[in-house]
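# Sequence first, then the predicted structure, then my questions.
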Amino acid sequence: MMSKQFFNKMVEFFPDSEMDYNNIIEEYGELLETVAIEDVLMPRVIQLLIENQEVDKLKVFFNYIEEVVNTDSHLKDILSITMMEKLGDNDDVLANAKKYELILFMKLYNFFYVHELY
């Protein structure tokens, strides 16, 4: 999977994010994946997790993230570190996230901490 496809899918999940992604491209001359995930995607995901109301949207989102992690090693590296770092900033948010896709978060969590050790 290409990063462009991934971010197009993220705009489908969060249509209001398109301008923010375009601003990153304008500022840096390209879509910096880590910046886009950390500054655009994750605040929206965290807000949904805090509100804990759009359960179906979160399930579909995390299922998609699992598909990406299982098929794209480049995005897996970025998502594993960036998502876990942002989700790990708040124990309640992380606990809510784990409800949606325990297997995915076990994979990301293990991947993240293995890399942190080295």
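Okay, I see it.

# which element is the residue nearest the centre of the chain on?
By C-alpha atoms, centre = their mean, the chain has its centre lying nearest to Met83, at 5.0 Å. Per DSSP states H and E: Met83 is located in helix 73-87.

# Extract the CA atoms of that helix and return them as PDB.
Provided in PDB are the C-alpha atoms of helix 73-87 (Å, rounded to 0.1, in the frame of the first residue of the first chain):
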ATOM      1  CA  SER A  73       5.900  -2.600   6.600                       C
ATOM      2  CA  HIS A  74       6.800   1.000   6.000                       C
ATOM      3  CA  LEU A  75       3.500   2.300   7.400                       C
ATOM      4  CA  LYS A  76       3.600  -0.300  10.100                       C
ATOM      5  CA  ASP A  77       6.900   1.300  11.400                       C
ATOM      6  CA  ILE A  78       5.400   4.800  11.300                       C
ATOM      7  CA  LEU A  79       2.000   3.800  12.800                       C
ATOM      8  CA  SER A  80       3.500   1.600  15.500                       C
ATOM      9  CA  ILE A  81       5.700   4.300  16.900                       C
ATOM     10  CA  THR A  82       3.500   7.400  16.300                       C
ATOM     11  CA  MET A  83       0.100   5.900  17.200                       C
ATOM     12  CA  MET A  84       1.400   4.200  20.300                       C
ATOM     13  CA  GLU A  85       3.300   7.300  21.400                       C
ATOM     14  CA  LYS A  86       0.200   9.500  21.100                       C
ATOM     15  CA  LEU A  87      -2.200   7.000  22.500                       C
END
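
# what's the offset of stretch 46-59 from the middle of its chain?
13 Å (C-alpha atoms, centre = their mean, to the nearest Å).

# again with stretch 77-95
Worked out by C-alpha atoms, centre = their mean, stretch 77-95 lies 8 Å from the chain centre.

# May I see the buried residues of it?
By neighbour count on 16 or more other C-beta atoms under 10 Å, the buried set for stretch 77-95 is 78-84, 86-87, 93-94. The C-beta positions use only the backbone N, C-alpha and C, and glycine is treated the same way.

# Let me see the mean pLDDT of that stretch.
Regarding stretch 77-95, the rounded mean pLDDT is 80.
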